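Visitor: I would like the atomic coordinates for the input below:
(one chain, ligands or ions: 1)
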Amino acid sequence: MHAFTSHMGRMTEQTQVSAYEADDNPLLAQWSGPFGVPAFGRIKPEHFRPAFARAFAAHAAEVAAIAGNAQAPTFANTIDALEASGEALARAVDLFHLLAGAHTNDAILAFERELAPLKAKHWDRILMDETLFGRIDGLYRMRDRLALSAEQRRVLERYHLKFTRAGAALDAPAKTRLADVNERLATLGTTFSQNVLADEQSYALVLDGEDDLAGLPDFVRAAARTAAEERGLAGKHAITISRSSVEPFLQFSTRRDLREKIFRAWIARGDGGGATDNKAIIAEMVALRAERARLLGYPSFAHYRLDDTMAKTPQAVRALLERVWAPGRRRAMADRDALQALVQAEGKNFALAPWDWRYYAEKLRKARCDIDEATIKPYLQLERIIEAAFYTANRLFGLTFERRDGVPVWHDDVRVWEVRDAVGRHRGLFFGDYFARTSKHSGAWMTALRDQERLRGDIHPLVVNVMNFSKAGEGEPTLLSFDDAKTLFHEFGHALHALLSDVTYPMIAGTNVLLDWSELPSQLFEHWLVKPRWNTSPRRSSISICISSPRPATASTSTASSRLNLRASACPRKSSCATDPPTSNTYSRAPATPRPITAICGRRCSMPTPSRRSRRPAISSMPASRRGCMMMSTPPAARATRPTSTPPFVGVCRRPTGCSGGGG
Ligand SMILES: [Zn+2]
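Guide: All right, here's what the predicted structure looks like:
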């Protein structure tokens, strides 16, 4: 309690210094735009520091009052009160981290570095507060006699576990050391993420002339022109190390030297030496995570991290991975041999390298199934895939999506839909931010500007999907790869999880569930892109919406359409599609890992095999409340630090590389 009181004193000083900003700070003000959306257009860099100073102070005061309540602890005066506290802080954190991930700039990056340790300190002071934990622990011990609802009992159990896992029961020296470790990890996580972003922003492969463009289909050239324009290179073509830019180049470019060049740049993010190299940061993070686990009584960070998941133990995770590894490796080796044979058949004499994999996989698919990704792409227009995702949500859950153009957004590319349920009740807003840009971290993720709850009123969620698709040229449709389309469905599954939330307490709202459970709705939903057959006539899956009623981008696609349908019947599973995809849906989106070849031969064989999905384990910090997955190679820094989340517990799918987290 003492530490907490001191903290309050310091924050009060900061608050007084910055009081002039109080009433007109869009990060603090009640969000009064349409549907309760924040005033993005009014946010300026000078708002960040005073907003957080005031929000931390206000939250600290609320929590101090709860801890110091002279009355005996009750669920209402302790848990309800904690759940209702920190509203201004949650708003500021959610808003700031949305911008830090999806539309950052130098001022945001600078404040993000400053904010990370402050946030860690703030939460450590709360979660290690002895008096406060005493109240929670007392309630927890008598939980069977409190006549709690099932939801209240779950919330109480989660609070007790959260405080325990944050070190509330440790002795004073251990708490002090743990707080130092958490603060340092918060700084390292932010630095790691920003280093990767810096490398992504600074690199572009500029293509000069037709020789450099050899083999690239029109949609790749169009996206490369747009990327060049964004970098002030109008009239040229640029390939960036955003996945949606580099992967098509690796698939189609006949210039092996350029494929190698961009591939090496792609996998070298944060690994190129110099100021943005992350190797030393990784080493320090690994050591500090291990120390944190030891302080909390776990044999390793993996034991600590997994203890609060469904998987539960490192042994369970390894057992699952081992079951996948052997058959997965066999398939990859068979693919490699087939690709190497193709190299030889072309009269070439080099050993297949990682930058050759996607290129020859396309050739093999063409040879075996007479179809390639360039043929399919015109049918996978972004607009049609969004439509298919909404159609699926309507069929499954009765939801409808109506475009709302007057709602404030953080970038002109962002679109907003109002979501209603089957009886027409408002359920929330869905924001789609689909295109890559230099101000955005790479990857794909779901986040929320506001979670659903009923404790502080009937509050509806503001849910966000962020993607990094290459934007087509002006007036042209944006075409997705099959992998992109599946990513969109996956993240939309997370968004539905948040939109369909129906609880009272913020602690368990939306995607605030166990880390590995949060992947269930998204992994299930992505299968509706290709797998399901509706029990109505006509039978169709979402992908068939896109394919069977395409709006081809060019006249030539009508030929492709015929071929696609032809192949659908001529290419039954297990015959000509020799590289039938594995059944496992466990993705590890590691850029350097060649992905198994997948034949896309119409509907029967249309499931490309993954390598994408989600994030690899995370290295950066991300709060547990920031659920949803991020299929990114680098996670944006954490969002939300609601009272319900612990900063060090960063992590979550926001999957990809980054998702899991930090500390947590
Ligand atoms: Zn996910």
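Visitor: going forward, measure contacts and count neighbours with C-alpha atoms only.
Guide: OK.
Visitor: for the stretch 251-400 of the chain, which residues are neighbours of the ion?
Guide: Nowhere does the stretch 251-400 of the chain come near the ion, counting by Cα under 5 Å from the ion.
Visitor: all strands of the stretch 251-400 of the chain, in order?
Guide: For the stretch 251-400 of the chain, the strands defined by DSSP state E, counting those that start in this stretch cover 400-403.
Visitor: whichever residue of the stretch 101-250 of the chain sits closest to the ion: helix or strand, and which one exactly?
Guide: Here the residue of the stretch 101-250 of the chain nearest the ion is Gly101; by Cα to the ion that distance is 16.4 Å. Assigned by DSSP states H and E, Gly101 belongs to helix 87-102.
Visitor: what is the following helix or strand past that helix packed up against?
Guide: Per DSSP H and E, the first helix or strand lying C-terminal to helix 87-102 is helix 106-127. Helix 106-127 is packed against helix 2-17, helix 48-67, helix 87-102, helix 172-202, with contacts defined by 3 or more Cα pairs under 8 Å, 6 or more residues apart in numbering; DSSP states H and E.
Visitor: give me the distance from helix 106-127 to the chain's centre.
Guide: A distance of 20 Å separates the C-alpha centroid of helix 106-127 from that of its chain, computed with Cα atoms, centre = their mean, to the nearest Å.
Visitor: list the buried residues in it.
Guide: Residues of helix 106-127 classed as buried by neighbour count (16 or more other Cα atoms under 10 Å): 108-109, 111-113, 115-127.
Visitor: per-residue pLDDT, the residue of the stretch 251-400 of the chain found nearest the ion?
Guide: The stretch 251-400 of the chain approaches the ion most closely through Thr309 (15.0 Å), counting by Cα to the ion. Thr309 is assigned a pLDDT of 97 by the prediction.
Visitor: Leu28 too?
Guide: So, for Leu28, pLDDT stands at 88.
Visitor: which residues does it contact?
Guide: Leu28 sits next to Ala22, Ala51, Ala55, Ala88, Leu89, Arg91, Ala92 when contact means Cα atoms under 8 Å, 6 or more residues apart in numbering.
Visitor: for the residue of the stretch 251-400 of the chain closest to the ion, give me its contacts.
Guide: Leu514, Leu515, Asp516, Trp517.
Visitor: contact partners of the top strand by length along the chain?
Guide: Longest strand in the chain by number of residues (criterion: DSSP state E): strand 426-435. Residues outside strand 426-435 that contact it (Cα under 8 Å, 6+ apart) are 35, 413-421, 460-471, 495, 499-500.
Visitor: give me the buried entries from those residues.
Guide: Counted by 16+ other Cα under 10 Å, these give 35, 414-421, 460-471, 495, 499-500 as buried.
Visitor: in strands, which of the residues you listed fall?
Guide: 415-420, 462-469.
Visitor: of all these, which comes closest to the ion?
Guide: Asn465 (11.2 Å).
Visitor: how close does that closest one sit to Ser193?
Guide: 19 Å (Cα to Cα, to the nearest Å).
Visitor: try Leu296
Guide: 26 Å.
Visitor: domain ranges for the chain?
Guide: 6-169, 377-639 (automatic domain parsing).
Visitor: just those: most buried one?
Guide: Among the domains of the chain, ranked by average contacts under mean count of other Cα atoms under 10 Å, first place goes to domain 377-639 (a mean of 21).
Visitor: circling back: what lines up beside the longest strand of the chain in the sheet?
Guide: strand 415-420 (antiparallel), strand 462-469 (parallel) (DSSP bridges).
Visitor: the inter-axis angle of it versus helix 87-102?
Guide: Here the directions of strand 426-435 and helix 87-102 differ by 30 degrees (axes from the mean of the first three to the mean of the last three Cα atoms, to 10 degrees).
Visitor: centre of the chain to strand 426-435, how far?
Guide: 15 Å.
Visitor: stretch 191-199 now?
Guide: Per Cα atoms, centre = their mean, the centroid offset for stretch 191-199 relative to its chain is 16 Å.
Visitor: same check on stretch 354-371?
Guide: 29 Å.
Visitor: buried ones in it?
Guide: For stretch 354-371, by 16+ other Cα under 10 Å, it's 354-366, 368-371.
Visitor: using PDB, list the CA coordinates for that stretch.
Guide: The C-alpha trace of stretch 354-371 is given here as PDB (Å, rounded to 0.1, in the frame of the first residue of the first chain):
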ATOM      1  CA  PRO A 354      14.300 -20.400 -49.900                       C
ATOM      2  CA  TRP A 355      13.800 -17.600 -52.400                       C
ATOM      3  CA  ASP A 356      13.000 -20.200 -55.100                       C
ATOM      4  CA  TRP A 357      10.400 -22.100 -53.200                       C
ATOM      5  CA  ARG A 358       7.300 -20.000 -53.900                       C
ATOM      6  CA  TYR A 359       8.400 -19.400 -57.500                       C
ATOM      7  CA  TYR A 360       8.700 -23.100 -58.300                       C
ATOM      8  CA  ALA A 361       5.600 -24.000 -56.200                       C
ATOM      9  CA  GLU A 362       3.600 -21.800 -58.600                       C
ATOM     10  CA  LYS A 363       5.100 -23.600 -61.600                       C
ATOM     11  CA  LEU A 364       4.400 -27.000 -60.100                       C
ATOM     12  CA  ARG A 365       0.800 -26.100 -59.400                       C
ATOM     13  CA  LYS A 366       0.500 -24.800 -62.900                       C
ATOM     14  CA  ALA A 367       2.000 -28.000 -64.300                       C
ATOM     15  CA  ARG A 368      -0.200 -30.300 -62.200                       C
ATOM     16  CA  CYS A 369      -3.500 -28.500 -62.100                       C
ATOM     17  CA  ASP A 370      -3.200 -26.000 -64.900                       C
ATOM     18  CA  ILE A 371      -4.000 -23.100 -62.700                       C
END
